[in-house]
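Novice: build the 3D model from these lines:
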Amino acid sequence: MKTLRFDIVSIFPGMFESPFGDSIIERAREKGLLDIRVHDLRDYTLNKHRKVDDAPFGGGVGMVMNVEPIARALEAIKKEVPKAKTILLSPGGSPFDQKKASELSFQENLILICGRYEGIDERIRLHFVDEEISIGDYILTGGEIPAMVLVEAVSRLIPGILGDSESIVEESFSDGMLEYPQYTRPRDYKGFKVPDVLVSGDPKKIRAWQKTEAIKKTESVRPDLFEKNKRSN
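Specialist: Numbers count the residues shown, from 1 in each chain. Predicted coordinates for the structure are as follows:
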């Protein structure tokens, strides 16, 4: 049985208690499929005020996270997991997508650094990080929510975490397209009816409908994905 270990470095470790204490993440931890450890960056400071930031050299607005406590945290974690892949969550990183989630799911140990303020001392990115990842082209207050997104997306790809492995294969983005539309009871809601093919009992026709509708939905909602997928085929 594979266990994926996440070590998350943050100045707000309490933010992770509720998201990781519910739903599939908690069940996966109970099964031993996930090992999530959150490290308070302030524990790795040497000053009495446990300060982790300072004014930037050269001037500018805001504060920058110091190199020293982050480096100490990484060194301490890597004593236990020396081969861990270190990821910095940053708006300047490469885009996070389903392909990247799948790639990371094959790792055994991942260290996630949650940035704050105006950013992190560049020496961390240059000398202590294996990869920089962004969950989107927008700015958040810190890297905690991106870390939660990454853990959720990667974890659900670990065998045994989801009840039905087929559901992973058929989800949106797994084949470059959005997932086909879904319906459930009642068949008729105020005149809005479920497509007849879905209750026909003909698996071949249903599958053909699902494929066609997935293409139509992707072209309508995410034309960028549609064009990208069309070029790759």
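Novice: drop to CA atoms for contacts and neighbour counts, all remaining ones
Specialist: OK.
Novice: any idea how the chain splits into domains?
Specialist: Domain assignment for the chain by automatic domain parsing gives 4-155, 172-232.
Novice: chain center to the first one: distance?
Specialist: For domain 4-155, the separation from the chain centroid amounts to 11 Å (computed by Cα atoms, centre = their mean, to the nearest Å).
Novice: do me a favour and get the end-to-end distance for it?
Specialist: Start and end residues of domain 4-155 are separated by 8 Å (Cα to Cα, to the nearest Å).
Novice: where in this structure is the helix or strand with the lowest mean pLDDT?
Specialist: The helix or strand with the lowest mean pLDDT-type score in the chain, counting by mean pLDDT, DSSP states H and E, is helix 165-169 (a mean of 52).
Novice: immediately after it, which helix or strand?
Specialist: strand 188-189 (DSSP states H and E).
Novice: so what touches that next one?
Specialist: Val194 (Cα atoms under 8 Å, 6 or more residues apart in numbering).
Novice: what's the mean pLDDT across the following helix or strand past that strand?
Specialist: Beyond strand 188-189 on the C-terminal side, the first helix or strand identified by DSSP H and E is strand 192-193. Mean per-residue pLDDT for strand 192-193: 97.
Novice: strand 192-193 pairs with which strands?
Specialist: strand 188-189 (antiparallel) (DSSP bridges).
Novice: how close does Val81 sit to Gln107?
Specialist: In this view, Val81 and Gln107 are 12 Å apart by Cα to Cα.
Novice: what of Phe16?
Specialist: Shown here: Phe16 relative to Gln107, a distance of 21 Å by Cα to Cα.
Novice: again, but for Asp196
Specialist: Here the criterion is Cα to Cα. By it, Asp196 lies 44 Å from Gln107.
Novice: neighbour count: those two, which is higher?
Specialist: Relative neighbour count places Gln107 above the other of Asp196 and Gln107, with 17 against 10, counting by other Cα atoms under 10 Å.
Novice: bridge partners for the closest residue to that one other than its chain neighbours, pull those for me.
Specialist: The shortest distance from Gln107 to any non-neighbouring residue, by Cα to Cα, 6 or more residues apart in numbering, is to Leu4 (7.0 Å). Legend: beta-bridge partners of Leu4 under DSSP bridges are Leu34.
Novice: residues of the lengthiest helix in the chain that come out buried?
Specialist: Using DSSP state H to define each element, the chain has its longest helix at helix 203-221. When burial is assessed from 16 or more other Cα atoms under 10 Å, helix 203-221 yields the following buried residues: 206, 209-210, 213-219.
Novice: now the strands: where do they sit in the protein?
Specialist: For the chain, applying DSSP state E gives strands covering 4-10, 34-40, 53-54, 64-65, 85-95, 109-114, 131-134, 188-189, 192-193.
Novice: determine which stretch of those strands is the most buried.
Specialist: Mean neighbours per residue, mean count of other Cα atoms under 10 Å, is largest over the strands of the chain for strand 109-114, with a mean of 25.
Novice: and the angle from that one to strand 85-95?
Specialist: If you take axes from the mean of the first three to the mean of the last three Cα atoms, to 10 degrees, strand 109-114 sits at 60 degrees to strand 85-95.
Novice: neighbours around the closest residue to Met15 other than its chain neighbours, how many?
Specialist: Once flanking residues are discounted, Met15 sits nearest to Glu144: 7.4 Å by Cα to Cα, 6+ apart. If you count neighbours by other Cα under 10 Å, Glu144 ends up with 24.
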